[in-house]
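Chemist: make a model of this:
(one chain, ligands or ions: 2)
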Amino acid sequence: MRQAFRASLLHCLADPGEGSAPSAVEFIEDGLLVVENGIVLEAGAAPTLLTQLADNTKIVEYNGKIIVPGFIDCHVHFPQLDIVASYGEQLLDWLNRYAYPAEAKFAHLEYAREIAGVFLDELLKNGTTTALVFGTVHKHSADVILQAAESRGMRLIAGKVLMDINCPEELQDTPESGYAESKALIEQWHGRARLGYAITPRFAITSSDQQLQAAGRLAREYPDVWMHTHLAENKAEVDLIAQRFPKSRSYLDVYDQFGLLRERSVFAHCLHMNEEDRQCMAAKGGAAAFCPTSNLFLGSGLFDLRAMRAANIRVGMGTDIGGGTSLSLLRTASEAYKVLHLQDEALPASRALYLATLGAAEALYLEDKIGNFESGKEADFVVLDPAGSSLSKRRTDVATSLEESLFALTMLGDDRNIAATYVAGKRVETRERQ
Ligand code: GUN
Ligand code: ZN
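Modeler: Ligands and ions are numbered 1, 2, ... in the order given. Sure thing, here's the model as predicted:
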């Protein structure tokens with residue numbers, strides 16, 4: 001079935017940079033997005049395209065709204081949904097006090113299944129149509145989130161966590177069981193429907209050398225599978241790594257030596273890195289997930305976007321629930337702006353949009369499939385409503401340019417500003433109050 005959506009259209013063709021390069025962004029005030037069988041046929045000016053449409057095309061009008069590509073969350077933990085906003089600790093204590101007990105509950109399959117569904121519905125309500133997701137150590141945690149994504153038609157990448165030391169015993173696997181279960185999950189899920197698998201060592205602290213080796217073996221055996229972990233988030237964590245791996249040049253070097261730094265490797269946080277690390281990550285094709293709400297909430301540090309992009313590292317944004325404080329990539333962009341402002345770096349709204357869409361697609365090596373409205377890409381999109389809250393309405397009403405309006409929407413926006421979310425051209429029910 002062919003459908004066309006009429007609204008303002010906004011998408012990125014490249015990274016607009018700190019100067020908001022106009023050629024990197026396309027804005028069509030009276031736009032039309034033409035979709036067939038879940039794929040973008042064309043995006044352009046409505047007055048022109050309307051004259052060329054086949055007669056049976058259904059037209060959906062979104063007056064006063066802005067259609068943007070579906071948001072992509074490059075780092076999030078679905079089992080941590082219910083511990084979001086837990087008080088008072090930095091990373092290592094926070095893991096022990098909140099994250100591990102929450103993850104232990106996922107031993108129960110039915111509970112895991114229930115949270116997986118709730119979690120994906122929350123993502124969609126926030127306009128997020130693709131995510132790279134941590135499960136728990138339990139094999140079925142990957143099954144339930146991938147199943148739930150499949151039934152919603154979403155493009156999603158997830159993995160069972162590998163962790164065999166330095167964590168509660170009930171949450172430990174072994175190098176052998178972690179390897180065998182990950183392999184079975186890859187065989188079952190990777191490349192099925194819109195799904196992908198990520199080999200997911202939690203971080204180097206909770207995996208033995210044998211387990212890191214086994215993860216590296218998987219990464220070599222399955223080069224088109226993702227690798228997803230945490231890197232250099234917290235100073236105490238970095239110190240522990242330096243003690244345990246005295247021969248490694250850096251934290252990144254530990255992953256590199258175990259064969260875990262390659263294309264499709266995504267590292268959450270990347271706060272405490274030097275230039276040598278950045279050059280190495282760029283040369284090997286690794287990507288970074290910038291998680292500002294988490295980095296502020298856990299008191300971890302400030303992500304240096306300028307240095308990462310200057311090194312040509314692929315960067316997307318992550319919400320990092322439950323260390324992060326919102327599943328909304330609009331709220332996440334708002335905190336990203338402040339994190340960068342503290343470092344005298346600029347984040348124009350167009351670049352925030354890039355980090356939540358095309359930049360994130362590039363970080364996941366999915367830019368041929370999602371991230372903007374080029375013909376042939378999958379039709380995942382969001383209908384943004386500048387008037388979604390009374391304050392965002394007042395502020396955007398007085399804005400005199402697109403950049404001003406979009407910036408205000410980015411700073412003030414949340415799920416109230418998501419009027420509709422579409423996955424592969426189909427609207428998903430999102431708003432509770434509808
Ligand atoms: N490092 C290792 N595990 C975690 C986690 O669950 N959350 C965050 N933010 N960092 C981690
Ligand atoms: Zn995380």
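
Chemist: which residues does the nearest residue to Arg306 once chain neighbours are set aside contact?
Modeler: Nearest non-adjacent residue to Arg306, counting by CB to CB, 6 or more residues apart in numbering: Glu345, 4.9 Å away. To be clear about C-beta, it is placed using only N, CA and C from the backbone, and glycine gets the same treatment. Glu345 sits next to 18, 304-306 when contact means CB atoms under 8 Å, 6 or more residues apart in numbering.

Chemist: state the pair within those residues that is farthest apart.
Modeler: Using CB to CB, the contacts of Glu345 span at most 12.5 Å, a distance reached by Glu18 and Asp304.

Chemist: isn't Arg314 up against Leu358?
Modeler: No - judged on CB atoms under 8 Å, Arg314 makes no contact with Leu358 at a distance of 10.6 Å.

Chemist: any common contacting residues for the two?
Modeler: Common contact partners of Arg314 and Leu358 (CB under 8 Å, 6+ apart): none.

Chemist: one step back: I'd like the contacts of Glu345 as CSV, with distance to ligand 2 and neighbour count appended.
Modeler: CSV is the format used below for the contacts of Glu345 (distance: CB to the ion, whole Å; neighbours: other CB atoms under 10 Å):
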residue, distance to ligand 2, neighbour count
Glu18, 26, 15
Asp304, 19, 19
Leu305, 18, 24
Arg306, 23, 15
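
Chemist: narrow those residues to those in helices?
Modeler: Residues of those located in helices (DSSP state H): 305-306.

Chemist: can I get the contacts of Glu345 in CSV with pLDDT and distance to Val423?
Modeler: Listed next are the contacts of Glu345 as CSV, based on pLDDT from 0 to 100; distance: CB to CB, whole Å:
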residue, pLDDT, distance to Val423
Glu18, 97, 32
Asp304, 98, 34
Leu305, 98, 29
Arg306, 98, 34
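
Chemist: from the contacts of Glu345, which is closest to Asn166?
Modeler: Asp304 (28.1 Å).

Chemist: and the closest one, what does it touch?
Modeler: 271, 343, 345.

Chemist: which of those sits closest to ligand 1?
Modeler: The closest of the contacts of Asp304 to ligand 1 turns out to be Leu271 (CB to the nearest ligand atom; 10.9 Å).

Chemist: for the closest residue in space to Lys58 that isn't next to it in sequence, phi and psi?
Modeler: Using CB to CB, 6+ apart and skipping the chain neighbours, the partner closest in space to Lys58 is Gln3 (4.9 Å). Main-chain dihedrals, Gln3, degrees, to the nearest 10: phi -130, psi 150.

Chemist: ok, Gln3 to Ala363 distance?
Modeler: 29 Å (CB to CB, to the nearest Å).

Chemist: of these two, who's got more company?
Modeler: Set side by side, Gln3 and Ala363 show more neighbours around Ala363, with 29 against 19, by other CB atoms under 10 Å.

Chemist: you'd agree the more buried one is up against Cys74?
Modeler: Yes - with contact defined as CB under 8 Å, Ala363 and Cys74 form a contacting pair (5.3 Å).

Chemist: what do these two both touch?
Modeler: 266, 287, 289, 316.

Chemist: quick one, which of the residues you listed are buried?
Modeler: Using 16 or more other CB atoms under 10 Å as the burial test, the shared contacts of Ala363 and Cys74 include 266, 287, 289, 316 as buried.

Chemist: I'm done for today, thanks for sticking with me.
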